[in-house]
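Engineer: predicted model and sequence follow; I will ask about them next.
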Amino acid sequence: MRSIKKIHKAEYSPIADLVTYSPLPSRSLQQVDPFLFLNHHGHQVYKPNNRGLPFGPHPHRGMETVTFILEGDIMHKDSGGHESVITGGGVQWMTAGRGLIHAEVSSSEFKRTGGPLEILQLWVNLPAKHKMTEPRYEGLQKESIPTFTLDEGKVTVNLVSGTWDGHQGAFDTLSDIMLSTVYFQPGGKLEVQVPAERNIFFYIIKGTLTVNGQPVPFRNLVEFNNDAPGLSIEASEDSILLFGHAVPFNEPVVAQGPFVMNTQAEIHQAYADYQQGKFGSWNH
């Protein structure tokens, strides 16, 4: 069994009226290479005639954002001309690459009617060879995310990227990254083998899971050692897990604001390029 190194509690850091918990990065954990950053928004209920999500136009370079919409919606717009509204159960994968400007706001319908909202955004690094790749965006609704069940239907896997027991994820990605959301009914059990050289990303969104004998409640990220492949997970109540793994890039990470590069000079260049309009124009 893979041993647990440390359990990291997500810090409460609201953004305007948006409930936000952030387990990564923290004072005790900089990254789970190549997973860099996670914000957990909600769960909360918006009243009718609300202002919605507060993420107006901003740039990115050198990384990817993966946004999991559990409830509510997100309207994505970017300088590449992509625009879509993704609703509960859907996922957005944006590769910033050499740079783009995007906004993530609520649809006009959600702002008008309100309702429950729970959204997670994960930042995934790009290796040096892909930092300046062409930007791209894909948003998929719930019905386009492959699912399969385990433990006689008590565990449901939504496979976002990578492979799992012969199943292929929804998104075709530049790096070998497995990402999924796993829904457990009470008593649901999951046994999984992850090669020891791969780093595991393990964040409990809802409920309580016992992982390799250790009970862990929601809003906690479990950091593992790279000492063995085995994970044994059991749910004591309805639970949701954000689960991923990847071979670490083992490259220098210099992150500043919305840019993630390998050197400070590349960060300065990113700011200069953005100010010179090289990330495209905002026409919305």
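Structural biologist: Alright, I've got the coordinates.
Engineer: just the endpoints, please. Distance across stretch 79-89?
Structural biologist: 25 Å (Cα to Cα, to the nearest Å).
Engineer: residue 75 - how many residues pack around it?
Structural biologist: 20 (other Cβ atoms under 10 Å). Every C-beta, even on glycine, is put in place using the N, C-alpha and C of the backbone.
Engineer: next one: residue 3
Structural biologist: Around residue 3 there are 11 residues (other Cβ under 10 Å).
Engineer: pLDDT at it, what is it?
Structural biologist: pLDDT recorded at residue 3 is 98.
Engineer: OK, contacts around it?
Structural biologist: Contact analysis of residue 3 by Cβ atoms under 8 Å, 6 or more residues apart in numbering lists 212, 224-225, 227-228.
Engineer: which of these are buried?
Structural biologist: Buried members of the contacts of residue 3, counted by 16 or more other Cβ atoms under 10 Å: 212, 224.
Engineer: so which of the contacts of residue 3 comes closest to residue 175?
Structural biologist: Distance to residue 175, by Cβ to Cβ, is smallest for residue 224 among those, at 19.5 Å.
Engineer: buried sites along stretch 214-230?
Structural biologist: Taking 16+ other Cβ under 10 Å as the criterion, stretch 214-230 shows 216, 218-224, 226 as buried.
Engineer: just put those in TSV and tack on secondary structure.
Structural biologist: Listed next are those as TSV, based on DSSP: H, G, I helix; E, B strand; the rest coil:
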residue	secondary structure
216	strand
218	coil
219	coil
220	strand
221	strand
222	strand
223	strand
224	strand
226	coil
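Engineer: which among those gets closest to residue 197?
Structural biologist: When the buried residues of stretch 214-230 are compared against residue 197 (criterion: Cβ to Cβ), the nearest one is residue 226, at 6.4 Å.
Engineer: which non-adjacent residue is nearest the closest one?
Structural biologist: With sequence-adjacent residues excluded and distances taken as Cβ to Cβ, 6 or more residues apart in numbering, residue 226 is closest to residue 196, at 5.1 Å.
Engineer: which SS state does residue 267 fall under?
Structural biologist: Quick answer, by three-state DSSP: residue 267 is helix.
Engineer: bridge partners for the nearest residue to it once chain neighbours are set aside, pull those for me.
Structural biologist: Nearest-residue entry for residue 267: residue 256, 4.8 Å, with adjacent residues in sequence omitted and distances by Cβ to Cβ, 6+ apart. On the basis of DSSP bridges, residue 256 is bridged to residue 259.
Engineer: any idea how far residue 256 lies from residue 209?
Structural biologist: 34 Å (Cβ to Cβ, to the nearest Å).
Engineer: comparing these two, which residue is more hemmed in?
Structural biologist: Counted by other Cβ under 10 Å, residue 256 and residue 209 do not tie: residue 209 has more neighbours, with 26 against 13.
Engineer: quick revisit: ok, the contacts of residue 3 vs residue 47, which is closest?
Structural biologist: For these, the nearest to residue 47 is residue 224 (40.3 Å; Cβ to Cβ).
Engineer: the closest one: what's it in contact with?
Structural biologist: So residue 224 contacts 2-5, 199-200, 202 (Cβ under 8 Å, 6+ apart).
Engineer: what about 7 Å?
Structural biologist: 2-5, 200, 202 (Cβ atoms under 7 Å, 6 or more residues apart in numbering).
Engineer: got the phi and psi for residue 144?
Structural biologist: phi -100, psi 0 (degrees, to the nearest 10).
Engineer: pLDDT wise, what is residue 280 at?
Structural biologist: For residue 280, the predicted pLDDT is 83.
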